[in-house]
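> from the sequence below, what's the structure:
(2 chains)
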There are 2 protein chains.
Amino acid sequence: MRLSELSERSGVSTATIKYYLREKLLPPGRRVSATQAEYSEEHLRRLRLVRALIQAGRVPVATAREVLRHVDDDSLSRTMRLGAALWALPQTNPEPLDGSDAETAAATQQLEELLSRLGWSKAQEIGSLSPSYQSLVTGLATLLRLGFPITVDLLLPYGQKMHEVAESDLDLLETLPSDGERVEWAVASTMLFEPFLISLRRLAQQEESARRYGY
Amino acid sequence: MRLSELSERSGVSTATIKYYLREKLLPPGRRVSATQAEYSEEHLRRLRLVRALIQAGRVPVATAREVLRHVDDDSLSRTMRLGAALWALPQTNPEPLDGSDAETAAATQQLEELLSRLGWSKAQEIGSLSPSYQSLVTGLATLLRLGFPITVDLLLPYGQKMHEVAESDLDLLETLPSDGERVEWAVASTMLFEPFLISLRRLAQQEESARRYGY
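A predicted model of the protein is given here:
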């Protein structure tokens, strides 16, 4: 398809598409004349992912380019490709508090115990290489530093629920036809589905509070 | 206790405490002389919440003041007080995309069907009054606008899991001794626990991916 059709079908203006092409967020079309290029269904799909990252997810252009580099790296195994793309995304960290060294050590110990009790042995092997692991340590250290009485017993059911969520996530991925599409959906769903899950939790809290205590 | 002891026990500098007092994020101490005031355990607890909001959660001062106003409003019912405090917090919305009117209508319909199938009748009654409901509509509309094949069947297990999470949340709240402490924990845990849950999900995805596909 021509640029105008790509614009129409995607709902993205031609100016914005040209900007994405210049920024190498979208691969060039197949040149058919000096002034025209031909775009494919893959361009349409990639455009969707770029918008999920840049427009909906407010990810900086340089970060998006890094994420897409991993999405396209089919030399990696499926887990590594997923991991590399997701690890390049912005993490959702609370700001670390000053002087939390003791709490960081305690948080690391709690997290290790939590992972053991959850039976997440692969996550334990990857350990602090994973930005998610590091975010969990920072988040826990902040809660401990502020004096909240967090225990592994308290965290355990949350870990179990999130494991069930991750199983649903991967079941869904497996319905997609190619590894390329799987990693694209994994990235888009991380950006767009995380706020959705959080809002679902908040709405469920309102439901549950109204059930238990009335309005 | 004196300001110096409040500073020592909280780990917050006296300059920062004075700033919070000026900004009315912390109620004034009980004046004991022209130059000295006496602070209580409640100040210590409130300071913890202020830090959770401002330092760890990066909430603007005006927003924090609004949240605290609701936390302190014991004229409200428990559900309303919790709701008002949480509704004043920043929402985690994806940026809405241009020209999503048709998708917004479709998203609203999907959300209503989802809430019916989940049996969340209270949430349906509150409806679009709740910022979480509005966030869910925006998030769904964005996913639909980008052409992702989202269905109610797909969303249902996520809603069920988040309801179980909310039950754990409220069970935990009920272990706290007073309504004031409950609403404080609800606010702090929203700010600090949401990123923690999200990171847990990402780590669970890595665990599950490594289990299914190896490294």
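
> and A:Glu42, how many neighbours?
Burial of A:Glu42 is recorded as 12 neighbouring residues (other C-beta atoms under 10 Å in any protein chain shown). The way it works is simple: take the backbone N, C-alpha and C, and place the C-beta from them, glycine included.

> can you check A:Glu5 too?
A:Glu5, neighbours per other C-beta under 10 Å, totals 12.

> tally of neighbours for the closest residue to it other than its chain neighbours?
Among residues not flanking A:Glu5 along the chain, A:Tyr39 sits closest, at 7.7 Å (C-beta to C-beta, 6 or more residues apart in numbering or on different chains). Residues lying near A:Tyr39 (other C-beta under 10 Å) number 24.

> so who does A:Tyr39 touch?
A:Met1, A:Arg2, A:Leu3, A:Glu5, A:Leu6, A:Gly29, A:Arg30 (C-beta atoms under 8 Å, 6 or more residues apart in numbering or on different chains).

> which residues touch the second one?
It stands for A:Arg2. A:Gln36, A:Ala37, A:Glu38, A:Tyr39.

> rerun at 10 Å
Listed by C-beta atoms under 10 Å, 6 or more residues apart in numbering or on different chains, the contact partners of A:Arg2 are A:Glu8, A:Thr14, A:Gly29, A:Val32, A:Gln36, A:Ala37, A:Glu38, A:Tyr39.

> please apply the same query to the fifth one.
Applying C-beta under 10 Å, 6+ apart, one finds that A:Leu6 lies in contact with A:Val12, A:Thr14, A:Ile17, A:Leu26, A:Gly29, A:Ala37, A:Glu38, A:Tyr39, A:Ser40, A:His43, A:Leu44, A:Leu47.

> list the buried ones in the helix or strand containing A:Glu164?
Using DSSP states H and E, A:Glu164 sits in helix A:152-174. Under the neighbour-count criterion of 16 or more other C-beta atoms under 10 Å in any protein chain shown, helix A:152-174 has A:152, A:155, A:158-170, A:172-173 buried.

> filter these down to the ones near chain B?
A:155, A:158-170, A:172-173 (C-beta under 10 Å from any C-beta of the partner chain).

> for A:Met191, what is the enclosing helix or strand?
Using DSSP H and E, A:Met191 falls in helix A:179-213.

> keep only those of the contacts of A:Leu6 that are in helices.
Using DSSP state H, the subset of those located in helices is A:Thr14, A:Ile17, A:His43, A:Leu44, A:Leu47.

> buried subset of the residues you listed?
The neighbour count (16+ other C-beta under 10 Å) marks A:Ile17, A:His43, A:Leu44, A:Leu47 as buried among these.

> A:Ser13 is in contact with the last one, correct?
No. A:Leu47 lies out of contact with A:Ser13 (C-beta atoms under 10 Å); the separation is 11.4 Å.

> list residues touching both of those two?
A:Ser7.

> from B:Phe193, how far out is the most centrally placed residue in chain A?
The geometric centre of chain A, computed from its C-alpha atoms, lies nearest to A:Thr190 (C-alpha atoms, centre = their mean), at 3.0 Å. A:Thr190 sits at a distance of 19 Å from B:Phe193 (criterion: C-beta to C-beta, to the nearest Å).

> repeat that for A:Pro27.
For A:Pro27, the distance to B:Phe193 - C-beta to C-beta - is 40 Å.

> give me the more crowded residue out of these two.
Neighbours were counted for A:Pro27 and for B:Phe193 using other C-beta under 10 Å; B:Phe193 has more, 25 against 14.

> so that one touches A:Met162, yeah?
No. In this structure B:Phe193 lies outside contact range of A:Met162 using C-beta under 10 Å: 11.8 Å.

> shared neighbours, those two?
B:Val165, B:Leu200.

> so A:Trp87 is in contact with B:Gln205, correct?
No. If you go by C-beta under 10 Å, A:Trp87 and B:Gln205 don't touch, sitting 11.3 Å apart.

> can you work out which residues contact both of the two?
A:Ser132.

> any idea how far A:Ser199 is from B:Tyr133?
Taken as C-beta to C-beta, the span from A:Ser199 to B:Tyr133 is 8 Å.

> centre of the chain versus stretch A:39-49, how much separation?
In terms of C-alpha atoms, centre = their mean, to the nearest Å, the centre of stretch A:39-49 is set 20 Å apart from its chain centre.

> the helix or strand of chain A with the lowest mean pLDDT and chain B in contact?
Lowest on mean pLDDT, DSSP states H and E among the helices and strands of chain A sits helix A:78-87, with a mean of 83. Yes. Using C-beta under 10 Å from any C-beta, helix A:78-87 reaches chain B at A:Arg78, A:Thr79, A:Met80, A:Arg81, A:Leu82, A:Gly83, A:Leu86, A:Trp87.

> so which elements touch that helix?
With contacts defined as 3 or more C-beta pairs under 10 Å, 6 or more residues apart in numbering or on different chains; DSSP states H and E, helix A:78-87 has these neighbours: helix A:61-71, helix A:121-126, helix A:131-145, helix A:152-174, helix A:179-213, helix B:179-213.

> quick one: which of the ones you listed is nearest B:Arg69?
Minimum separation from B:Arg69 across the helices and strands packed on helix A:78-87 (C-beta to C-beta) falls at helix B:179-213, 11.6 Å.

> can you give me how far that closest one is from the chain middle?
12 Å.

> now do the buried residues in it.
Quick answer for helix B:179-213 (16+ other C-beta under 10 Å): B:179-180, B:182-210.

> out of these, which touch chain A?
Within the buried residues of helix B:179-213, those near chain A by C-beta under 10 Å from any C-beta are B:179, B:185-186, B:188-210.

> tell me which of the contacts of A:Tyr39 fall in strands.
Of the positions in those, A:Arg30 sit in strands, assigned by DSSP state E.

> now pLDDT and distance to B:Thr63 too, for the contacts of A:Tyr39, in JSON lines please.
Formatted as JSON lines, the contacts of A:Tyr39 follow (pLDDT from 0 to 100; distance: C-beta to C-beta, whole Å):
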{"residue": "A:Met1", "pLDDT": "92", "distance to B:Thr63": "46"}
{"residue": "A:Arg2", "pLDDT": "93", "distance to B:Thr63": "47"}
{"residue": "A:Leu3", "pLDDT": "94", "distance to B:Thr63": "43"}
{"residue": "A:Glu5", "pLDDT": "95", "distance to B:Thr63": "45"}
{"residue": "A:Leu6", "pLDDT": "94", "distance to B:Thr63": "41"}
{"residue": "A:Gly29", "pLDDT": "93", "distance to B:Thr63": "45"}
{"residue": "A:Arg30", "pLDDT": "94", "distance to B:Thr63": "50"}
